[in-house]
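>>> the following comprises the amino acid sequence and a computationally predicted model.
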Amino acid sequence: MDNLLEKLNEQQRKAVMHTEGPLLLLAGAGSGKTRVLIHRMAYLIEECGVNPYNILAITFTNKAAGEMRERVDSIIEVGSESIWVSTFHSLCVRILRRYIDRIGYENNFTIYDSDDQKQVVKEVMKRLDIDTKFIKERRALSAISRAKDELITPEEYCASAGNDRERAVIGRIYREYQSQLKKCNALDFDDLIVKTIELFKTNADVLNAYQERFKYIMVDEYQDTNTAQFGLISLLASKYQNLCVVGDDDQSIYKFRGANINNILQFEQVFEDTTVIKLEQNYRSTQNILDVANAVIKNNTYRKEKALWTENKEGEPISLRSFDNGFDEANGIARDIKSKVSVKNIKYSDCAVLYRTNAQSRTFEESFIRENIPYRIFGGINFYQRREIKDILAYLKTIDNAHDDLAVRRILNVPKRGIGAATVSRIMEYAVENDITFYNAMLHVKDIPSIGKAAAKIEAFTYMISSFRSKSTVMSLKDLVIDIINETKYIDYLKEIDEDEDDTNEREQNLDEFISKAVTYEDGAENPNLSEFLEEVALIADIDSMDGSDAVTLMTLHSAKGLEFENVYLVGMEDGLFPSYMSITSDDSTDLEEERRLCYVGITRAKKYLTLSHARMRMMRGETTYNKVSRFVKEIPVELMFSDSGARKSLARDFEMPSPKRENPVKKRTSYVMYDTVFDKPASAGSLGYAVGDTVKHVKFGVGTVTDIVNGGRDYEVTVDFETAGVKKMFATFAKLVKM
DNA sequence: CACAGGTCTCTTTTT
DNA sequence: GAGACCTGTG
């Protein structure tokens, strides 16, 4: 242990040895915070005699939890397996599985994923006769989710509506949504936290038991916790006050999901006698990369001042590369990876391609396949969200919990049994009238009037389910799944629905994969059972755990948080893509700051090499768009960034566009790109044919008044207040506004 | 009453 | 480009 402590710097050591009382660790990117957490656990156990059983470490993602688990196990010799390393959500599930009956649910509740949530909201809105034109499902759903993050109940939400019509309507949806979930004995992701808090608040004995168990609590990525999560850990830690949270306000990137930055800023007020320790030495990146990161993040106004420094070498300048389009970008990056692998002692697994949106992954995937580069994509279409997997899961869920209406209805006519929408709505009506679940209504199918010949089909279905149910008590999980696939002739069904034989084969492979996952679960579990398996599946967001194989990592910037790579590519550095169009046009300036933090996260993933790239033309949602170089790129000092000859050429062309007659201004320069010089010479505003105050017409938005024209480099950003569409910001070249 | 094919919309990030 | 939704046909 002494040995272990020696490897830490002074601040880190301080943090490790501060074991009693609340501790706030402000840890910059790459400052070794995970290292500190793990050493702290080791110190608690080996030096302070703390029982590992009393330690709880909470992370944000499964990936992070898995990684921490691994590192904990490798450093701590005895008892590491008793430390509870978990995400917020899986912690709550484990607690609720034991005690949720105390607050009126059954312990075998199901967990609804976002598809399920959407479905429920849709039905609720239909039932309440709310036009989706006025309030979109997405909007209602995110409002509900925000409310839960803030621990606002449906009643409170409705009460606070006042004169706000929209809020009142959403309140009604929220209330109905919640009672629907209750009826189905289901919880959504947010409920997992909310209901655990409810359980603790109403059952002092349960809370006390967990307070006694978790005497030492550590929370990683604390900047991303929301109000509910903070409430939860506050409750748990309130007795012993041994709470250590680690975070970095510059890496807060989940505001859209309810993350509350005040949790960091106000921590010291909530927990008195908090010790604050800052970790500012970066061990990960070269000086150059760190300078780039600092140059970008300093443009944010809402942040705690920090001085991140490193003893690492300066390193190579980062590179900026331009491409004509997204395909060229992918090919160019693929070639660059190949050359780095062959020349620079870099492995494929040292490389990561990070993008803003999942949709960008596809181009890279295709390119990598062509170039024979091993790769692995994280996130995106989750394995467990694939149709065939969701179908089989729905069978398992129905067998496990017949209250789960959504699951039942998903498979009622899958494979096709000739049970159509009309029959389903008859059953639903009956279920609502009698206040019973969908499945129970089906059991009474004979009492449902006008259901006609469909009744026999329904009975056949419920008979099949109950026979699966009795089989499930004697069969292994693996055999049950195989039995379901065979009995329902599911493979034949796949052949029916897929035009393409390859698609069917892929789906079959996925089913095989699913079966092996079931086997893996059964082999690993102490007491394997269907409910627990379903719960594990529900909480796994992606096919986690980077296994050892040598492959390039492809993921969104969001999922990259907490990871590090020798060689990083930040691709699609274009205004409108990153920062996203939404954040540029938002009237809330903190949205753009969140994007910038995301950029900061991306940059600081790189240890040695960092490449930024952008495409001048890109296919986005079926349309060709021309985007400017990301404003974040322009925040990087030129002396830190190298652009190769191809990039220089295309950039020169790029910036020349507004004034075609001018000589190439970039040509005279060194290899560094001089943005400011170039940007000072755009087309004259007069060439637009309109000015601030003019009335203009837009093809889609109609008539409006120009309120602002901003010189954005090679194009103008025009703000127009439209009579019907409201205020919009757009690029002059594409807006094609006509003066009236 | 079920199903197939055509039309429409909507796009960020995730446990 | 993909998915949800609607409409016409068998």
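Okay, I see it.
>>> select the longest helix from chain A.
Looking across chain A with DSSP state H, the single longest helix is helix A:501-524.
>>> is DNA strand C contacted by that one?
No - using Cβ under 7 Å from any atom of the strand, helix A:501-524 never reaches DNA strand C; the gap is at least 11.2 Å. To be clear about C-beta, it is placed using only N, CA and C from the backbone, and glycine gets the same treatment.
>>> report the buried residues of that helix.
For helix A:501-524, burial by neighbour count (16 or more other Cβ atoms under 10 Å) applies to A:T504, A:R507, A:E508, A:N510, A:L511, A:F514, A:I515, A:K517, A:A518, A:Y521.
>>> helix/strand/coil for the closest residue to A:D190 other than its chain neighbours?
Spatial nearest neighbour of A:D190, chain neighbours left out: A:K148 (3.7 Å); criterion: Cβ to Cβ, 6 or more residues apart in numbering. Recorded secondary structure, A:K148: helix (DSSP: H, G, I helix; E, B strand; the rest coil).
>>> I'd like to know how far A:T301 sits from A:G332.
Using Cβ to Cβ, to the nearest Å, A:T301 is found at 35 Å from A:G332.
>>> downstream of the lowest-mean-pLDDT helix or strand in chain A, the next helix or strand is which one?
Of all helical and strand segments in chain A, the minimum by mean pLDDT, DSSP states H and E falls on helix A:675-679, at a mean of 29. Using DSSP states H and E, the helix or strand that follows helix A:675-679 in sequence is strand A:695-698.
>>> helices along the stretch 51-200 of chain A, start to end?
For the stretch 51-200 of chain A, helices defined by DSSP state H, counting those that start in this stretch occupy the ranges A:62-75, A:88-99, A:114-127, A:137-149, A:154-159, A:165-183, A:189-202.
>>> could the ones you listed be laid out in a markdown table, adding mean neighbour count, distance to A:Y463 and mean pLDDT?
Formatted as a markdown table, those follow (neighbours: other Cβ atoms under 10 Å; distance: least, Cβ to Cβ, whole Å; pLDDT from 0 to 100):
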| stretch | mean neighbour count | distance to A:Y463 | mean pLDDT |
| --- | --- | --- | --- |
| helix A:62-75 | 18 | 38 | 84 |
| helix A:88-99 | 20 | 30 | 92 |
| helix A:114-127 | 18 | 26 | 83 |
| helix A:137-149 | 19 | 35 | 88 |
| helix A:154-159 | 16 | 38 | 91 |
| helix A:165-183 | 19 | 24 | 88 |
| helix A:189-202 | 21 | 33 | 95 |
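>>> neighbour-wise, which of A:T301 and A:G332 wins?
Counted by other Cβ atoms under 10 Å, A:T301 and A:G332 do not tie: A:G332 has more neighbours, with 23 against 8.
>>> from A:L412, how far off is whichever residue of chain A sits closest to DNA strand B?
Closest to DNA strand B within chain A is A:G420: 2.1 Å, counting by Cβ to the nearest atom of the strand. Using Cβ to Cβ, A:G420 is found at 10 Å from A:L412.
>>> neighbour count: the two, which is higher?
Per other Cβ under 10 Å, whichever of A:G420 and A:L412 has more neighbours is A:L412, with 23 against 12.
>>> wait, that one touches A:I419, no?
Yes - contact criterion Cβ atoms under 8 Å: A:L412 and A:I419 qualify, at 5.6 Å.
>>> pull up the overlap in contacts between these two.
A:F461 (Cβ atoms under 8 Å, 6 or more residues apart in numbering).
>>> go ahead and confirm the residue nearest to A:D190 touches A:N226.
No - in this structure A:K148 lies outside contact range of A:N226 using Cβ under 8 Å: 9.0 Å.
>>> shared neighbours of these two, which are they?
Counting by Cβ under 8 Å, 6+ apart, A:K148 and A:N226 have no shared contacts at all.
>>> give me the below-cutoff pLDDT ranges for chain A.
For chain A, applying pLDDT under 70 flags the ranges A:1-4, A:380-382, A:498-500, A:540-548, A:622, A:644-688, A:698-702, A:710-718, A:722-736.
>>> for the longest strand seen in it, list the C-alpha coordinates in CSV.
Criterion DSSP state E: the longest strand present in chain A is strand A:606-620. Taking Å, rounded to 0.1, in the frame of the first residue of the first chain, the C-alpha atoms of strand A:606-620 are listed here in CSV:
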residue,chain,number,x,y,z
ALA,A,606,-6.5,11.9,-27.0
LYS,A,607,-3.2,11.0,-25.4
LYS,A,608,-0.8,11.5,-28.3
TYR,A,609,-2.4,12.2,-31.7
LEU,A,610,-5.5,14.2,-32.4
THR,A,611,-7.0,14.8,-35.8
LEU,A,612,-10.0,17.0,-36.5
SER,A,613,-11.8,16.7,-39.8
HIS,A,614,-14.6,18.2,-41.6
ALA,A,615,-16.4,17.7,-45.0
ARG,A,616,-17.4,20.6,-47.1
MET,A,617,-20.4,18.8,-48.4
ARG,A,618,-22.4,16.2,-46.5
MET,A,619,-25.5,14.1,-46.9
MET,A,620,-27.7,14.7,-43.9
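>>> strands along the stretch 151-300 of chain A, start to end?
Here the stretch 151-300 of chain A has its strands, by DSSP state E, counting those that start in this stretch, at A:186-188, A:216-219, A:243-247, A:275-279, A:281-282.
>>> partners of the shortest one in the sheet?
Strand partners for strand A:281-282, identified by DSSP bridges, are recorded as strand A:309-310 (parallel).
>>> and if you look at the second one?
Sheet partners assigned to strand A:216-219 using DSSP bridges are listed as strand A:55-59 (parallel), strand A:243-247 (parallel).
>>> turn the ones you listed into CSV, columns for distance to DNA strand B.
Converted to CSV, the strands paired with strand A:216-219 look like this (distance: least, Cβ to the nearest atom of the strand, whole Å):
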stretch, distance to DNA strand B
strand A:55-59, 9
strand A:243-247, 16
